[in-house]
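Everything below, folded, please.
(one chain, ligands or ions: 1)
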Amino acid sequence: MIELKRLFAETATTEEWHDYHRVMGRYYEDINGEPVEREPFLRTAKSGMTSGNCVERTFLAYDNGVVAGGGSFARYDGWGIVFTDIEVLPEFRRRGIGNRLLDRLRSEAHAVGLAKLFLFTVDNVPSGEPFLIRRGAQKGIVQKGGRLFTKDIDIALMRRWIAAGAKAGFESGVWHNRIPEEHIDRYVVAYNSINDAPHGELETTQTAMTPDAMRAIIRRFIVNGGNDILIAWVRDTLSGEFAAISELALNRSQPTQAFQNNTMTVSRYRGNGFGKLVKAQNALHLIEHWPRIQSIRTSNAEVNDAMLAINEKMGFKQVQTHTFWELAVDRALKS
Ligand SMILES: CC(C)(COP(=O)(O)OP(=O)(O)OC[C@H]1O[C@@H](n2cnc3c(N)ncnc32)[C@H](O)[C@@H]1OP(=O)(O)O)[C@@H](O)C(=O)NCCC(=O)NCCS
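Residues are numbered from 1 along each chain as shown. As a prediction, this is how the structure comes out:
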(Lines give C-alpha, C1' and ligand atoms only; values in the text may rest on other atoms or scores of the structure.)
Protein backbone atom coordinates (compact mmCIF):
# COMPACT_ATOMS: atom_id res chain seq x y z
CA MET A 1 0.00 0.00 0.00
CA ILE A 2 1.34 3.42 -0.98
CA GLU A 3 0.95 6.25 1.49
CA LEU A 4 2.07 9.88 1.06
CA LYS A 5 3.11 11.82 4.16
CA ARG A 6 3.87 15.49 4.31
CA LEU A 7 7.21 16.39 5.86
CA PHE A 8 6.75 19.34 8.21
CA ALA A 9 10.18 20.90 8.66
CA GLU A 10 9.45 22.28 12.12
CA THR A 11 8.32 18.98 13.65
CA ALA A 12 9.73 16.16 11.49
CA THR A 13 11.35 13.27 13.35
CA THR A 14 14.97 12.24 12.82
CA GLU A 15 13.70 9.15 11.04
CA GLU A 16 11.65 11.23 8.61
CA TRP A 17 14.65 13.43 7.88
CA HIS A 18 16.75 10.35 7.21
CA ASP A 19 14.06 9.10 4.81
CA TYR A 20 14.08 12.49 3.12
CA HIS A 21 17.86 12.29 2.68
CA ARG A 22 17.64 8.70 1.41
CA VAL A 23 15.33 9.78 -1.39
CA MET A 24 16.31 13.33 -2.33
CA GLY A 25 19.99 12.70 -1.65
CA ARG A 26 19.76 9.91 -4.19
CA TYR A 27 18.33 12.36 -6.70
CA TYR A 28 21.26 14.77 -6.38
CA GLU A 29 23.77 11.93 -6.27
CA ASP A 30 22.46 10.65 -9.61
CA ILE A 31 22.58 14.11 -11.15
CA ASN A 32 25.99 15.17 -9.86
CA GLY A 33 27.77 11.84 -9.54
CA GLU A 34 28.87 12.37 -5.95
CA PRO A 35 27.33 10.94 -2.76
CA VAL A 36 25.30 13.48 -0.79
CA GLU A 37 26.50 13.80 2.81
CA ARG A 38 23.51 13.54 5.08
CA GLU A 39 24.03 16.10 7.85
CA PRO A 40 25.04 19.06 5.67
CA PHE A 41 22.29 18.18 3.20
CA LEU A 42 19.66 18.17 5.92
CA ARG A 43 20.99 21.36 7.46
CA THR A 44 20.60 23.18 4.14
CA ALA A 45 17.17 21.66 3.51
CA LYS A 46 15.86 22.62 6.96
CA SER A 47 17.30 26.09 6.64
CA GLY A 48 15.46 26.60 3.34
CA MET A 49 12.15 25.16 4.47
CA THR A 50 12.07 27.17 7.69
CA SER A 51 13.44 30.40 6.26
CA GLY A 52 10.12 32.22 6.23
CA ASN A 53 10.58 33.52 2.69
CA CYS A 54 9.70 30.26 1.03
CA VAL A 55 6.42 28.57 0.13
CA GLU A 56 7.12 24.85 0.12
CA ARG A 57 5.48 21.47 0.32
CA THR A 58 7.43 18.26 0.76
CA PHE A 59 6.03 14.74 0.71
CA LEU A 60 7.51 11.31 1.26
CA ALA A 61 5.97 8.21 -0.34
CA TYR A 62 5.97 4.99 1.67
CA ASP A 63 5.32 1.51 0.33
CA ASN A 64 4.11 -0.59 3.26
CA GLY A 65 6.06 1.63 5.62
CA VAL A 66 9.29 1.67 3.57
CA VAL A 67 10.33 4.97 2.02
CA ALA A 68 10.00 4.69 -1.77
CA GLY A 69 10.05 8.24 -3.09
CA GLY A 70 9.65 11.90 -2.41
CA GLY A 71 8.60 15.11 -4.04
CA SER A 72 8.61 18.78 -3.22
CA PHE A 73 8.06 22.23 -4.56
CA ALA A 74 9.51 25.47 -3.23
CA ARG A 75 9.10 29.05 -4.31
CA TYR A 76 11.53 31.55 -2.82
CA ASP A 77 11.24 35.32 -2.85
CA GLY A 78 13.23 36.79 -5.73
CA TRP A 79 12.49 34.06 -8.27
CA GLY A 80 9.34 33.33 -10.23
CA ILE A 81 10.34 29.70 -10.45
CA VAL A 82 8.55 27.07 -8.37
CA PHE A 83 11.39 24.54 -8.05
CA THR A 84 9.93 21.06 -8.14
CA ASP A 85 11.72 17.74 -7.66
CA ILE A 86 10.32 14.23 -7.72
CA GLU A 87 12.37 11.13 -7.06
CA VAL A 88 11.16 7.56 -6.90
CA LEU A 89 13.85 5.11 -5.79
CA PRO A 90 14.71 2.83 -8.76
CA GLU A 91 13.32 -0.34 -7.20
CA PHE A 92 9.90 1.32 -6.78
CA ARG A 93 9.54 2.86 -10.24
CA ARG A 94 6.75 2.27 -12.79
CA ARG A 95 4.23 1.55 -10.08
CA GLY A 96 2.42 4.86 -10.14
CA ILE A 97 4.28 6.49 -7.23
CA GLY A 98 5.65 9.31 -9.38
CA ASN A 99 2.14 10.04 -10.59
CA ARG A 100 0.80 10.05 -7.04
CA LEU A 101 3.49 12.47 -5.89
CA LEU A 102 2.93 14.78 -8.81
CA ASP A 103 -0.86 14.73 -8.30
CA ARG A 104 -0.37 15.71 -4.68
CA LEU A 105 2.11 18.48 -5.47
CA ARG A 106 -0.26 19.78 -8.11
CA SER A 107 -3.23 20.00 -5.78
CA GLU A 108 -1.13 21.60 -3.02
CA ALA A 109 0.27 24.14 -5.50
CA HIS A 110 -3.24 24.88 -6.67
CA ALA A 111 -4.37 25.41 -3.09
CA VAL A 112 -1.66 28.02 -2.44
CA GLY A 113 -2.32 29.83 -5.72
CA LEU A 114 0.71 28.74 -7.74
CA ALA A 115 0.07 28.35 -11.46
CA LYS A 116 3.14 26.50 -12.75
CA LEU A 117 5.70 24.05 -11.49
CA PHE A 118 9.25 24.24 -12.81
CA LEU A 119 11.16 21.00 -13.28
CA PHE A 120 14.57 19.96 -14.47
CA THR A 121 15.74 16.74 -16.14
CA VAL A 122 19.20 15.43 -16.94
CA ASP A 123 19.93 13.03 -19.77
CA ASN A 124 21.89 10.62 -17.58
CA VAL A 125 18.69 10.08 -15.52
CA PRO A 126 16.49 9.29 -18.52
CA SER A 127 13.15 8.36 -16.91
CA GLY A 128 12.34 12.00 -16.02
CA GLU A 129 11.67 13.17 -19.56
CA PRO A 130 9.04 10.56 -20.62
CA PHE A 131 7.37 10.96 -17.26
CA LEU A 132 7.03 14.74 -17.68
CA ILE A 133 5.95 14.46 -21.32
CA ARG A 134 3.27 11.97 -20.28
CA ARG A 135 2.02 14.53 -17.74
CA GLY A 136 1.79 17.28 -20.34
CA ALA A 137 4.80 19.35 -19.23
CA GLN A 138 6.01 22.07 -21.58
CA LYS A 139 9.62 21.70 -22.67
CA GLY A 140 11.73 24.82 -22.24
CA ILE A 141 15.35 25.59 -22.83
CA VAL A 142 17.94 22.86 -23.32
CA GLN A 143 21.28 23.46 -21.63
CA LYS A 144 24.75 21.99 -21.86
CA GLY A 145 25.92 20.68 -18.51
CA GLY A 146 29.67 21.23 -18.36
CA ARG A 147 32.42 20.18 -15.99
CA LEU A 148 35.95 21.44 -15.45
CA PHE A 149 38.46 19.77 -13.14
CA THR A 150 40.39 22.33 -11.14
CA LYS A 151 43.65 20.47 -11.86
CA ASP A 152 43.07 21.26 -15.55
CA ILE A 153 42.63 25.00 -15.08
CA ASP A 154 45.33 26.92 -16.94
CA ILE A 155 46.52 29.30 -14.23
CA ALA A 156 48.62 31.41 -16.62
CA LEU A 157 45.59 31.87 -18.90
CA MET A 158 43.44 32.91 -15.92
CA ARG A 159 46.07 35.50 -14.95
CA ARG A 160 46.10 36.83 -18.50
CA TRP A 161 42.30 37.16 -18.44
CA ILE A 162 42.50 39.07 -15.18
CA ALA A 163 45.20 41.39 -16.55
CA ALA A 164 43.28 41.97 -19.81
CA GLY A 165 40.06 42.80 -17.94
CA ALA A 166 41.72 45.35 -15.63
CA LYS A 167 40.40 48.54 -17.25
CA ALA A 168 40.86 52.10 -15.99
CA GLY A 169 37.83 53.29 -14.04
CA PHE A 170 36.89 49.79 -12.84
CA GLU A 171 37.79 47.78 -9.78
CA SER A 172 37.27 44.09 -9.14
CA GLY A 173 37.43 41.50 -6.40
CA VAL A 174 35.97 38.35 -4.84
CA TRP A 175 33.64 38.29 -1.85
CA HIS A 176 33.36 35.15 0.24
CA ASN A 177 29.92 34.63 1.84
CA ARG A 178 28.90 38.26 1.87
CA ILE A 179 27.65 41.18 -0.14
CA PRO A 180 28.59 44.38 1.67
CA GLU A 181 25.48 46.33 2.66
CA GLU A 182 26.66 49.46 0.86
CA HIS A 183 26.72 47.52 -2.43
CA ILE A 184 23.69 45.27 -2.17
CA ASP A 185 21.20 47.53 -4.02
CA ARG A 186 23.46 47.86 -7.03
CA TYR A 187 24.51 44.23 -6.86
CA VAL A 188 20.87 43.20 -7.21
CA VAL A 189 20.44 45.42 -10.29
CA ALA A 190 23.30 43.56 -11.99
CA TYR A 191 21.90 40.23 -10.80
CA ASN A 192 18.58 40.91 -12.48
CA SER A 193 20.32 41.53 -15.80
CA ILE A 194 20.39 37.72 -16.12
CA ASN A 195 16.94 38.25 -17.62
CA ASP A 196 18.76 39.44 -20.78
CA ALA A 197 20.38 36.01 -21.18
CA PRO A 198 18.66 33.45 -23.42
CA HIS A 199 16.12 31.66 -21.24
CA GLY A 200 13.65 30.21 -23.74
CA GLU A 201 9.89 30.34 -23.74
CA LEU A 202 9.05 29.34 -20.19
CA GLU A 203 7.09 31.98 -18.33
CA THR A 204 8.39 31.63 -14.79
CA THR A 205 12.11 31.83 -15.42
CA GLN A 206 12.33 35.61 -14.95
CA THR A 207 14.37 36.81 -11.98
CA ALA A 208 13.05 39.62 -9.79
CA MET A 209 15.68 39.74 -7.09
CA THR A 210 15.42 42.35 -4.35
CA PRO A 211 17.95 43.33 -1.68
CA ASP A 212 15.85 41.60 0.99
CA ALA A 213 15.54 38.40 -1.04
CA MET A 214 19.29 38.48 -1.60
CA ARG A 215 19.95 38.91 2.13
CA ALA A 216 17.64 35.94 2.69
CA ILE A 217 19.70 33.77 0.31
CA ILE A 218 22.84 34.59 2.26
CA ARG A 219 21.05 33.80 5.52
CA ARG A 220 19.51 30.49 4.51
CA PHE A 221 22.24 29.06 2.26
CA ILE A 222 25.32 30.30 4.14
CA VAL A 223 24.61 31.40 7.69
CA ASN A 224 21.98 28.76 8.54
CA GLY A 225 22.69 26.27 5.76
CA GLY A 226 26.45 26.01 6.41
CA ASN A 227 27.50 26.41 2.76
CA ASP A 228 29.73 28.90 0.96
CA ILE A 229 29.39 31.31 -1.94
CA LEU A 230 32.17 33.02 -3.86
CA ILE A 231 31.17 36.16 -5.73
CA ALA A 232 33.55 37.66 -8.25
CA TRP A 233 32.67 41.19 -9.35
CA VAL A 234 33.72 44.16 -11.47
CA ARG A 235 32.53 47.60 -10.52
CA ASP A 236 32.46 50.92 -12.33
CA THR A 237 34.16 53.14 -9.75
CA LEU A 238 32.54 56.34 -11.01
CA SER A 239 28.89 55.26 -11.07
CA GLY A 240 29.24 52.51 -8.45
CA GLU A 241 27.36 50.12 -10.76
CA PHE A 242 28.40 46.51 -11.09
CA ALA A 243 29.51 45.72 -14.62
CA ALA A 244 29.88 41.95 -14.16
CA ILE A 245 29.32 39.35 -11.47
CA SER A 246 29.78 35.61 -11.17
CA GLU A 247 28.67 33.34 -8.32
CA LEU A 248 30.04 29.94 -7.35
CA ALA A 249 28.10 27.89 -4.81
CA LEU A 250 30.03 25.41 -2.66
CA ASN A 251 27.54 22.95 -1.22
CA ARG A 252 28.86 21.29 1.91
CA SER A 253 26.86 18.13 1.12
CA GLN A 254 28.74 17.51 -2.15
CA PRO A 255 32.08 18.77 -0.94
CA THR A 256 34.32 18.13 -3.92
CA GLN A 257 32.30 20.17 -6.43
CA ALA A 258 31.61 23.85 -6.98
CA PHE A 259 28.43 24.84 -8.79
CA GLN A 260 28.56 27.76 -11.16
CA ASN A 261 25.52 29.94 -10.60
CA ASN A 262 24.86 32.98 -12.72
CA THR A 263 27.57 34.89 -14.51
CA MET A 264 26.57 38.10 -16.19
CA THR A 265 28.05 41.17 -17.75
CA VAL A 266 25.52 43.99 -17.83
CA SER A 267 24.84 44.69 -21.52
CA ARG A 268 26.39 48.15 -21.80
CA TYR A 269 29.65 46.85 -20.30
CA ARG A 270 30.04 43.91 -22.68
CA GLY A 271 33.07 43.56 -24.94
CA ASN A 272 35.59 44.55 -22.24
CA GLY A 273 36.70 41.08 -21.16
CA PHE A 274 34.77 41.36 -17.86
CA GLY A 275 33.02 37.99 -18.31
CA LYS A 276 36.38 36.26 -18.56
CA LEU A 277 37.75 38.37 -15.72
CA VAL A 278 35.11 37.31 -13.19
CA LYS A 279 35.30 33.65 -14.17
CA ALA A 280 39.10 33.74 -13.86
CA GLN A 281 38.95 35.45 -10.46
CA ASN A 282 36.72 32.75 -9.04
CA ALA A 283 38.81 29.98 -10.59
CA LEU A 284 42.02 31.28 -9.02
CA HIS A 285 40.29 31.88 -5.70
CA LEU A 286 39.08 28.27 -5.70
CA ILE A 287 42.51 26.86 -6.48
CA GLU A 288 44.17 28.96 -3.80
CA HIS A 289 41.64 28.65 -0.95
CA TRP A 290 39.54 25.52 -1.60
CA PRO A 291 41.79 22.51 -2.12
CA ARG A 292 38.87 20.15 -1.42
CA ILE A 293 37.09 21.30 -4.59
CA GLN A 294 38.07 19.10 -7.53
CA SER A 295 35.70 20.31 -10.21
CA ILE A 296 33.27 23.04 -11.24
CA ARG A 297 29.89 22.22 -12.76
CA THR A 298 27.99 24.57 -15.00
CA SER A 299 24.84 24.67 -17.13
CA ASN A 300 24.42 26.97 -20.12
CA ALA A 301 21.74 27.41 -22.73
CA GLU A 302 22.73 25.77 -26.01
CA VAL A 303 22.04 29.11 -27.69
CA ASN A 304 24.20 31.18 -25.32
CA ASP A 305 27.25 31.47 -27.58
CA ALA A 306 29.07 34.05 -25.46
CA MET A 307 29.03 32.06 -22.22
CA LEU A 308 29.72 28.76 -23.95
CA ALA A 309 32.73 30.27 -25.71
CA ILE A 310 34.22 31.45 -22.41
CA ASN A 311 33.58 28.09 -20.78
CA GLU A 312 35.12 26.24 -23.69
CA LYS A 313 38.26 28.37 -23.49
CA MET A 314 38.45 27.66 -19.76
CA GLY A 315 38.36 23.95 -20.52
CA PHE A 316 34.80 22.98 -19.56
CA LYS A 317 33.70 19.75 -21.26
CA GLN A 318 30.06 18.90 -21.84
CA VAL A 319 29.08 15.93 -19.68
CA GLN A 320 25.28 16.23 -19.57
CA THR A 321 22.29 17.76 -21.30
CA HIS A 322 19.85 19.57 -19.01
CA THR A 323 16.25 20.35 -19.92
CA PHE A 324 13.93 22.78 -18.15
CA TRP A 325 10.21 22.11 -18.00
CA GLU A 326 7.09 23.85 -16.81
CA LEU A 327 3.92 22.10 -15.83
CA ALA A 328 0.71 24.08 -15.64
CA VAL A 329 -0.98 23.16 -12.37
CA ASP A 330 -4.40 23.04 -14.05
CA ARG A 331 -3.15 20.87 -16.88
CA ALA A 332 -1.59 18.43 -14.43
CA LEU A 333 -4.95 18.27 -12.67
CA LYS A 334 -6.65 16.82 -15.73
CA SER A 335 -4.02 14.38 -17.01
C1 LIG B 1 10.52 10.21 -13.23
C2 LIG B 1 10.12 9.37 -12.00
C3 LIG B 1 9.82 10.32 -10.85
C4 LIG B 1 8.86 8.56 -12.35
O5 LIG B 1 8.43 7.85 -11.20
P6 LIG B 1 7.55 6.51 -11.29
O7 LIG B 1 7.00 6.23 -9.96
O8 LIG B 1 8.36 5.44 -11.94
O9 LIG B 1 6.39 6.99 -12.29
P10 LIG B 1 4.95 6.33 -12.51
O11 LIG B 1 5.01 4.87 -12.25
O12 LIG B 1 3.96 7.09 -11.74
O13 LIG B 1 4.78 6.60 -14.09
C14 LIG B 1 3.88 7.53 -14.64
C15 LIG B 1 4.01 7.52 -16.16
O16 LIG B 1 5.21 8.20 -16.58
C17 LIG B 1 5.78 7.54 -17.74
N18 LIG B 1 7.11 7.00 -17.38
C19 LIG B 1 7.66 6.94 -16.15
N20 LIG B 1 8.89 6.39 -16.24
C21 LIG B 1 9.13 6.11 -17.52
C22 LIG B 1 10.24 5.53 -18.22
N23 LIG B 1 11.35 5.10 -17.61
N24 LIG B 1 10.13 5.38 -19.56
C25 LIG B 1 9.00 5.76 -20.22
N26 LIG B 1 7.91 6.30 -19.60
C27 LIG B 1 7.99 6.48 -18.26
C28 LIG B 1 4.82 6.44 -18.10
O29 LIG B 1 3.89 6.95 -19.02
C30 LIG B 1 4.17 6.14 -16.76
O31 LIG B 1 2.89 5.56 -16.88
P32 LIG B 1 2.78 3.96 -17.20
O33 LIG B 1 3.66 3.25 -16.22
O34 LIG B 1 1.32 3.71 -16.97
O35 LIG B 1 3.20 3.78 -18.61
C36 LIG B 1 11.26 8.38 -11.62
O37 LIG B 1 11.64 7.62 -12.75
C38 LIG B 1 12.47 9.03 -11.07
O39 LIG B 1 12.57 9.20 -9.85
N40 LIG B 1 13.44 9.47 -11.92
C41 LIG B 1 14.63 10.20 -11.47
C42 LIG B 1 14.31 11.65 -11.03
C43 LIG B 1 13.61 12.47 -12.10
O44 LIG B 1 14.01 12.50 -13.26
N45 LIG B 1 12.53 13.18 -11.70
C46 LIG B 1 11.71 13.98 -12.61
C47 LIG B 1 12.12 15.38 -12.69
S48 LIG B 1 12.00 16.26 -11.20
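
what residues does this protein put near the ligand?
27, 85-88, 93-99, 119, 121, 125, 127-128, 130-131, 134 (C-beta under 6 Å from any ligand atom). Using the backbone N, CA and C atoms, a C-beta is placed for each residue, glycine as well.

what residues go with each domain of the chain?
2-143+324-334, 145-321 (automatic domain parsing).

center of the chain - which residue?
Asn261 (6.6 Å; C-alpha atoms, centre = their mean).

Spatially nearest residue to it, not counting backbone neighbours?
Glu247 (3.9 Å; C-beta to C-beta, 6 or more residues apart in numbering).

Gln143 pairs with what?
For Gln143, the beta-bridge partners are Ala301, His322 (DSSP bridges).

show me the contacts for it.
Going by C-beta atoms under 8 Å, 6 or more residues apart in numbering, Gln143 touches Ser299, Asn300, Ala301, Glu302, Thr321, His322, Thr323, Phe324.

still on that earlier bit, can you tell me which residues contact the residue nearest to Asn261?
Each residue near Glu247 by C-beta under 8 Å, 6+ apart is listed here: Ile229, Leu230, Ile231, Gln260, Asn261, Asn262, Thr263.

Just say helix, strand or coil for it.
Here Glu247 is strand, with the state taken from DSSP: H, G, I helix; E, B strand; the rest coil.

What of Arg268?
helix.

and it, how many neighbours?
Arg268: 10 surrounding residues under other C-beta atoms under 10 Å.

How about Leu284?
For Leu284, using other C-beta under 10 Å, the count is 18.

So, low pLDDT: which residues of this protein?
Counting by pLDDT under 70, the ranges of the chain that qualify are 199, 201, 203-204, 331-335.

in it, which spans are strands?
2-6, 54-63, 66-76, 83-88, 116-122, 138-149, 170-176, 228-236, 242-250, 257-265, 295-301, 317-328 (DSSP state E).

in the stretch 101-250 of the chain, what residue is nearest the ligand?
The nearest approach of the stretch 101-250 of the chain to the ligand comes at Gly128, 2.4 Å away (C-beta to the nearest ligand atom).

To clarify, my last question referred to the stretch 201-335 of the chain.
Using C-beta to the nearest ligand atom, the closest approach of the stretch 201-335 of the chain to the ligand is made by Trp325 at 7.7 Å.

From Ile141, how far off is that residue?
Per C-beta to C-beta, to the nearest Å, Trp325 is found 10 Å from Ile141.

shared neighbours, the two?
Shared contacts of Trp325 and Ile141, defined by C-beta under 8 Å, 6+ apart, are found at Leu202.

So for stretch 74-87, what gets flagged as buried?
74-79, 81-87 (16 or more other C-beta atoms under 10 Å).

Straight-line length of that stretch, end to end?
End-to-end distance for stretch 74-87, by C-alpha to C-alpha, to the nearest Å: 15 Å.

Please apply the same query to stretch 234-241.
Per C-alpha to C-alpha, stretch 234-241 runs 9 Å from first to last residue.

Setting the sequence-adjacent residues aside, check what's closest to Gly243.
One correction, residue 243 is Ala, not Gly. Tyr269 (3.7 Å).

just checking, that neighbour touches Arg235?
No: here Tyr269 does not reach Arg235: they are 10.2 Å apart, not a contact under C-beta atoms under 8 Å.

got the strands of the chain as a markdown table, with distance to Asn282 columns?
Shown next, in a markdown table, are the strands of the chain (distance: least, C-beta to C-beta, whole Å):
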| stretch | distance to Asn282 |
| --- | --- |
| strand 2-6 | 39 |
| strand 54-63 | 27 |
| strand 66-76 | 23 |
| strand 83-88 | 24 |
| strand 116-122 | 23 |
| strand 138-149 | 11 |
| strand 170-176 | 7 |
| strand 228-236 | 4 |
| strand 242-250 | 5 |
| strand 257-265 | 8 |
| strand 295-301 | 8 |
| strand 317-328 | 18 |
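
Of those, which is nearest Arg38?
strand 66-76 (13.8 Å; C-beta to C-beta).

Show me what Phe259 is bridged to.
Ala249, Arg297.

which ones are touching Lys276?
Trp161, Ala164, Gly165, Ile310, Lys313.

The fourth one: neighbour count?
Around Ile310 sit 20 other residues, with neighbours defined as other C-beta under 10 Å.

Isn't it up against Lys279?
Yes: with contact defined as C-beta under 8 Å, Ile310 reaches Lys279; the gap is 6.0 Å.

what number of residues lie near the closest residue to Leu132 other than its chain neighbours?
Take Leu132 and drop its neighbours on the chain: the residue closest to it by C-beta to C-beta, 6+ apart is Trp325, 5.2 Å away. Neighbour count for Trp325, taken as other C-beta under 10 Å: 22.
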